[in-house]
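Trainee: Next input, structure requested:
(one chain, ligands or ions: 1)
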Amino acid sequence: MPLVNRTPQWAALERHWDRMRAVSMRDLFAADPQRAQSMTRELAGLRIDFSKHRVTAETLELLLAVAHAVELPAWIERMFAGERINTTEHRAVLHVALRNRSQRPIRVDGEDVMPQVEAVLAQMRDFVGRVHEGQWRGFTGEPIRDVVNIGIGGSNLGPKMVCEALTPYHRPGLRVHFVSNVDATHITETLKTLDPARTLFVVASKTFTTQETMTNARTARRWLLEALGDPAAVADHFVAVSTNAPAVAEFGIDPANMFVFWDWVGGRYSLWSAIGLPIALAVGFERFAELLNGAHAVDKHVRTAPLAENLPVILGLLGVWYTNFADAHSHAVLPYDQYLKSFPAYLQQGDMESNGKHVTRDGVVVDYQTGPVIWGEPGTDGQHAFYQLIHQGTRLIPADFIVPIHSHNETDDHHPKLLANCLAQTEALMRGRTLAEARAELLAAGMDPARAEALAPHRQFDGNRPTTTILMERLTPETLGALIALYEHRIFCQGLVWGVNSFDQWGVELGKQLAGVILDELKAGAVAAEHDGSTRALIEHVVHHRRA
Ligand SMILES: O=P(O)(O)OC[C@H]1O[C@](O)(CO)[C@@H](O)[C@@H]1O
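Mentor: Prediction:
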């Protein structure tokens, strides 16, 4: 497979960009009164408007031609068929099996994985029921009041984001906490508020070797044992979610209290697996199942819809358009819903760990940009922080605006304002304000002409800044599941265009390896290994000051 930028389809897009760079969305809307309707689609409770993009029907056709050139439909099918498309780790990629509500067999090496998936879901349902009903009790016979998920990366960000997002659905009487950072402050501050006799720890780690997680888990175990005094208490206060049964047993967790998942579930795609146990504990198993249903609806769509109608494909291609042709370096995700406050952070791992790659699946170094920087904050906080740059800065930043039509905290005073702000931002970003308009507004407000002339350039907005608006009736488990799956598949489609393996993460290894060397040196109080001058001096300084 040649690099995508060597294909004739890519060359056609380059020529097209030369024509499109001067095209304004204002003109596109003026020329086509049906533009919004023809570029808005409904999917699984989401209404997606991609009309405020710097594209025409021809642009979309040319982008779709690139998608065909990289055999995108065949790759999507390969994923659903359980092929080992994560080639560097020789693994299938089957988070879609975790929410395969149709029970259609999905096979890896000829073996249907669905019975295992169903068995773990049944185990989760049973366990969650027992905790909720007070049948699962702590060592001293107390019911569980607090659940602490100990995990990091995919074993933290997904379940944490979903638990926050579904706060209105939380069952009363059970609080869920997340500890991820190896910084002792994180676990110390969390444990301060808890009663050991009524706390359940979920140690979530695919590998069960991750330094941060194992350190926090050992601290939690010490805390528990100091309070309860008997090692037998661990069995009543710790469960594990992992692929590594021997390591779980070695930690002292009863294998009966282990929830397995499989090597074909990537960490950042794992919230649908037993890694979602804190979600099910927080909102109940039925709600967790609704989350899976929402994702399944999007899975069906991505697998069966023709490319031209396939929303994750379209959104992915729009991202490619800006990254590779309009020189955009980042992508903002702006949820207008406080419950989605961690959605951008969750997507940072989802997208940047997936597509932050510099070689293709074949190991060829690319000479084009791949995954952008993902960032964002909930509106309207973001508006008062960084929107200035999005509106008037020198960089092009495509942005997604996500907003529910109804709030879970509906009041006449708040939600209409939130909605108005969200919609106004996309309008302003698209429309901008010309110099003449800026000048006229100032004059109409009574400003003297000389001052209006001086101020007008500061109040001029280029506009033409692309946004996607994603509306939903309300943020429910189902719409949230659909939203997450939409982004997951978008990431996959972009990775396919760039030719990278979106499912490995070798880039996190080197730092881990070097941290191991430096940790030994900090413990020994002496530098033993080869380091550059800066790192060596820093280690020596730290060693000296920790000794003093
Ligand atoms: O679940 P584990 O094995 O503890 O890994 C945690 C995280 O570490 C990574 O391997 C690297 O950040 C992620 O891909 C993963 O989600």
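Trainee: what does the protein have sitting close to the ligand?
Mentor: Applying CB under 6 Å from any ligand atom, one finds that the chain approaches the ligand through 152-155, 205-207, 210, 213, 267-268, 353, 505, 508. In short, each C-beta sits where N, CA and C put it, glycine included.
Trainee: 5 Å instead?
Mentor: Within the chain, the residues that sit near the ligand (CB under 5 Å from any ligand atom) are 153-155, 205-207, 210, 213, 267, 505, 508.
Trainee: Filter the residues you listed down to the buried ones, PyMOL style.
Mentor: Of the residues of the chain next to the ligand, the buried ones can be selected in PyMOL as follows, counting by 16 or more other CB atoms under 10 Å:
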select buried, resi 153+154+155+205+206+210+213+267+505
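Trainee: Sort out for me which of the residues of the chain next to the ligand are in strands.
Mentor: Of the residues of the chain next to the ligand, none are assigned to strands by DSSP state E.
Trainee: and the two most separated of the residues of the chain next to the ligand?
Mentor: The largest separation in the residues of the chain next to the ligand, counting by CB to CB, is between 213 and 505 at 15.8 Å.
Trainee: Please tell me how far the spatially closest residue to residue 359 that is not a sequence neighbour sits from residue 1.
Mentor: Nearest residue to residue 359, sequence neighbours excluded (CB to CB, 6 or more residues apart in numbering): residue 365, at 5.5 Å. Remark: distance between residue 365 and residue 1 (CB to CB, to the nearest Å) = 15 Å.
Trainee: neighbour count winner among these two?
Mentor: residue 1 (13 against 8; other CB atoms under 10 Å).
Trainee: quick one: contacts for that one?
Mentor: Residues counted as contacts of residue 1 (CB atoms under 8 Å, 6 or more residues apart in numbering) are 70, 360, 362, 499.
Trainee: Same list, the residues you listed, but as TSV with secondary structure please.
Mentor: Listed next are the contacts of residue 1 as TSV, based on DSSP: H, G, I helix; E, B strand; the rest coil:
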residue	secondary structure
70	coil
360	coil
362	coil
499	coil
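Trainee: List the pairing partners of the helix or strand where residue 400 lies within its sheet, with orientation.
Mentor: Of the helices and strands defined by DSSP states H and E, residue 400 is found in strand 399-404. With DSSP bridges as the test, strand 399-404 is paired with strand 330-335 (parallel), strand 467-472 (parallel).
Trainee: Residues contacting the first one, please?
Mentor: In other words, strand 330-335. Counting by CB under 8 Å, 6+ apart, 319, 322, 341, 343-344, 347, 351, 372-379, 382, 390, 395, 397-403, 425 sit against strand 330-335.
Trainee: Same question for the last one.
Mentor: Contacts of strand 467-472 from elsewhere in the structure, counted by CB under 8 Å, 6+ apart, are 45-50, 52-53, 315, 318, 398-405, 422-423, 425-426, 429-430, 479, 483, 486.
Trainee: what about dumping the CA coordinates of that strand to PDB?
Mentor: Below are the C-alpha coordinates for strand 467-472, written out as PDB (Å, rounded to 0.1, in the frame of the first residue of the first chain):
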ATOM      1  CA  THR A 467     -17.400  23.400  13.500                       C
ATOM      2  CA  THR A 468     -19.600  20.300  13.900                       C
ATOM      3  CA  THR A 469     -22.600  20.600  16.100                       C
ATOM      4  CA  ILE A 470     -23.900  17.400  17.800                       C
ATOM      5  CA  LEU A 471     -27.300  17.800  19.400                       C
ATOM      6  CA  MET A 472     -29.100  15.200  21.500                       C
END
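Trainee: before we move on, back to that, which one of the strands paired with strand 399-404 lies closest to residue 437?
Mentor: It's strand 467-472; of the strands paired with strand 399-404, that one is closest to residue 437 (CB to CB) at 20.2 Å.
Trainee: In three-state terms, label the nearest residue to residue 271 once chain neighbours are set aside for me.
Mentor: The shortest distance from residue 271 to any non-neighbouring residue, by CB to CB, 6+ apart, is to residue 158 (3.1 Å). Classification of residue 158 into helix, strand or coil gives helix, according to three-state DSSP.
Trainee: Residue 158 against residue 346, yeah?
Mentor: Yes: contact criterion CB atoms under 8 Å: residue 158 and residue 346 qualify, at 6.1 Å.
Trainee: show me where the protein has strands.
Mentor: Counting by DSSP E, the strands of the chain are 40-43, 46-49, 107-108, 111-112, 146-150, 175-179, 199-204, 238-242, 258-260, 330-335, 373-375, 399-404, 467-472.
Trainee: would you list those in TSV and tack on mean neighbour count and mean pLDDT?
Mentor: Formatted as TSV, the strands of the chain follow (neighbours: other CB atoms under 10 Å; pLDDT from 0 to 100):
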stretch	mean neighbour count	mean pLDDT
strand 40-43	15	98
strand 46-49	18	98
strand 107-108	16	96
strand 111-112	14	97
strand 146-150	24	98
strand 175-179	22	98
strand 199-204	26	98
strand 238-242	26	97
strand 258-260	20	97
strand 330-335	23	98
strand 373-375	19	98
strand 399-404	24	98
strand 467-472	23	98
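Trainee: Now render those as JSON lines, adding distance to residue 221.
Mentor: Shown next, in JSON lines, are these (distance: least, CB to CB, whole Å):
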{"stretch": "strand 40-43", "distance to residue 221": "45"}
{"stretch": "strand 46-49", "distance to residue 221": "42"}
{"stretch": "strand 107-108", "distance to residue 221": "34"}
{"stretch": "strand 111-112", "distance to residue 221": "36"}
{"stretch": "strand 146-150", "distance to residue 221": "10"}
{"stretch": "strand 175-179", "distance to residue 221": "13"}
{"stretch": "strand 199-204", "distance to residue 221": "8"}
{"stretch": "strand 238-242", "distance to residue 221": "7"}
{"stretch": "strand 258-260", "distance to residue 221": "15"}
{"stretch": "strand 330-335", "distance to residue 221": "36"}
{"stretch": "strand 373-375", "distance to residue 221": "35"}
{"stretch": "strand 399-404", "distance to residue 221": "39"}
{"stretch": "strand 467-472", "distance to residue 221": "41"}
